[in-house]
Every structure is written in C-alpha cells, then in structure tokens.
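In: Compute the structure for the input listed below.
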Amino acid sequence: VFDYREFDLIIIGDLHGFKKSIKFEKVLIKSFKPDFVLHEILENYKLTKEEAYKIIKSKKWKSELFNYNDIKYLFKMVIETNIPFIGSDLNNHGVKSVNNYRVERELTKEEIKDEVKLIKKRELKQADNIIRYLNKNKKLICIIGTYHLRHDSALIQKLSKLKSLKILLVYPHIKGKLFYGQMDFKIDNIDYTYQL
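Out: Numbers count the residues shown, from 1 in each chain. I've put the predicted structure just below:
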C-alpha cells in the first residue's frame with residue numbers, strides 16, 4: 001500500500017472502457033486528489049464538470065474518433081470526481097483518415113511503418129503534456145492506453161530522464177506479467193500492479 005501523496009505523478013495503463021479499469025481509476029483519482037487528470041481518449045480537448053453535464057444532456061461529443069456512447073463513462077467520471085480532465089494526445093490521435101482507422105485487415109508494410117511513427121509521435125506528445133503540467137507545479141494523474149507504458153515507449157524513455165520527479169506507474173497485469181493490450185485476455189484475469 002502506497003501513500004499516494006508522496007508522488008508528483010501517477011500514470012495508469014488504461015484498458016479503454018472496461019468497468020474494472022474505470023472503477024480502479026476512479027478510486028485512485030479520489031485517493032490522490034490531483035489538480036488535473038490527463039487522459040489520452042480526450043485527444044486534445046479539455047473537459048470541466050460543467051462541460052461534462054452539457055455533453056451528457058446533449059449526448060453529443062465533438063470527436064471524430066470516439067462517439068459519445070463509447071466514452072460517456074469519462075464524462076460521468078469528470079462529474080463524479082469534480083476534477084478537470086485534459087486530453088493528453090493529438091487530435092484524432094493523429095490519424096489522417098478516421099474512416100480507415102478501425103478497418104479489420106492486415107496492414108501493409110508501409111502502414112506498419114507509419115503506425116510505428118505515429119505511436120512515437122503520440123507518446124512524445126503525451127510526455128510533453130505531462131511535463132508542461134508538472135512545470136506548473138500541479139499534481140497529476142495521467143491515464144493512457146496500457147500499450148504506451150511498455151519499457152521502450154518514447155513516453156517512458158522521456159519521463160525516465162526526469163530524475164527529480166517521483167512517478168508511480170500503474171500497470172494492468174495477468175498473473176504478474178505486465179499487460180500491454182496486444183494479446184487476448186479475459187478481464188477477470190487482469191489485476192493492477194505498481195512500479196516506481
């Protein structure tokens with residue numbers, strides 16, 4: 001058990017919409033009481049409690065990538081925690097063709113190269129946003145897809161150079177094996193573990 005108050009930053013590997021993940025994140029937010037929550041699913045948008053109420057009332061969200069129903073749990077979380085959530089990523093996650101984004105097919109070699117470059121660009125953007133808010137002496141929780149927490153990610157590499165910060169990484173895992181989201185899984189087998 002940690003005293004969360006001793007950390008400057010908590011980064012949580014998100015499972016994107018699973019109730020187990022949402023519940024865990026909510027508990028951590030309420031315990032840590034950050035000034036802001038940075039969240040990759042909000043792309044580059046900012047969200048206050050008042051704005052979240054309006055979105056829930058209208059059932060409309062401005063993203064091309066995520067529709068209201070897919071992420072309404074986030075709007076509810078903003079209201080429940082009363083903490084501003086800020087997008088930590090690129091608009092539309094940097095995807096050029098949103099219509100071609102979730103096509104279920106094998107990627108070409110060129111598309112794979114583009115995907116690797118895009119992931120690095122997104123991770124550097126996420127790291128820059130974290131650093132920007134930390135430079136304002138703000139306590140942060142950052143929620144990002146668990147894939148971005150692998151040890152060779154540009155995000156982890158950049159943040160690991162900030163020696164004066166106390167960072168807590170919170171990973172989903174299956175029986176002790178860190179889970180990066182690139183494998184089949186049963187949600188009941190996933191738990192969370194901490195790394196300093």
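In: does the residue nearest the centre of the chain have beta-bridge partners, and which?
Out: In the chain, the centroid-proximal residue (Cα atoms, centre = their mean) is Ile144; its distance is 1.9 Å. For Ile144, the beta-bridge partners are Gly13 (DSSP bridges).
In: pretty sure it is in contact with Ile10, am I right?
Out: No - in this structure Ile144 lies outside contact range of Ile10 using Cβ atoms under 8 Å: 11.4 Å. All C-beta spots, glycine's among them, are computed from the backbone N, C-alpha and C.
In: can you pull the buried residues of the helix or strand where Lys117 lies?
Out: With secondary structure defined by DSSP states H and E, Lys117 is part of helix 109-134. Across helix 109-134, burial judged by 16 or more other Cβ atoms under 10 Å covers Ile119, Arg122, Glu123, Lys125, Gln126, Ala127, Asn129, Ile130, Tyr133, Leu134.
In: now do stretch 151-165
Out: Ser153, Ala154, Leu155, Ile156, Lys158, Leu159.
In: Determine how far the last residue of it lies from the first.
Out: Using Cα to Cα, to the nearest Å, the span of stretch 151-165 from its first residue to its last is 18 Å.
In: residue contacts, Lys30?
Out: Thr81 (Cβ atoms under 8 Å, 6 or more residues apart in numbering).
In: one step back: wait, which of the buried residues of stretch 151-165 is closest to Glu50?
Out: Nearest to Glu50 among the buried residues of stretch 151-165 is Leu155, at 30.3 Å by Cβ to Cβ.
In: Centre of the chain to the longest strand seen in the chain, how far?
Out: Using DSSP state E to define each element, the chain has its longest strand at strand 167-174. Distance of strand 167-174 from the chain centroid (Cα atoms, centre = their mean, to the nearest Å) equals 12 Å.
In: ok, it: who's next to it in the sheet?
Out: strand 9-14 (parallel), strand 177-178 (antiparallel), strand 190-195 (antiparallel).
In: Could you figure out how far the next helix or strand along the chain from the first one is turned away from strand 9-14?
Out: Put plainly, it is strand 9-14. Using DSSP H and E, the next helix or strand after strand 9-14 towards the C-terminus is helix 19-32. Interaxial angle of helix 19-32 relative to strand 9-14 (axes from the mean of the first three to the mean of the last three Cα atoms, to 10 degrees): 170 degrees.
In: Toward the C-terminus, what is the element adjacent to helix 19-32?
Out: With DSSP H and E, the next secondary element past helix 19-32 is strand 36-39.
In: for the record, mean pLDDT for the helix or strand that comes right after that next one?
Out: Using DSSP H and E, the helix or strand that follows strand 36-39 in sequence is strand 46-47. With pLDDT averaged residue by residue, strand 46-47 scores 95.
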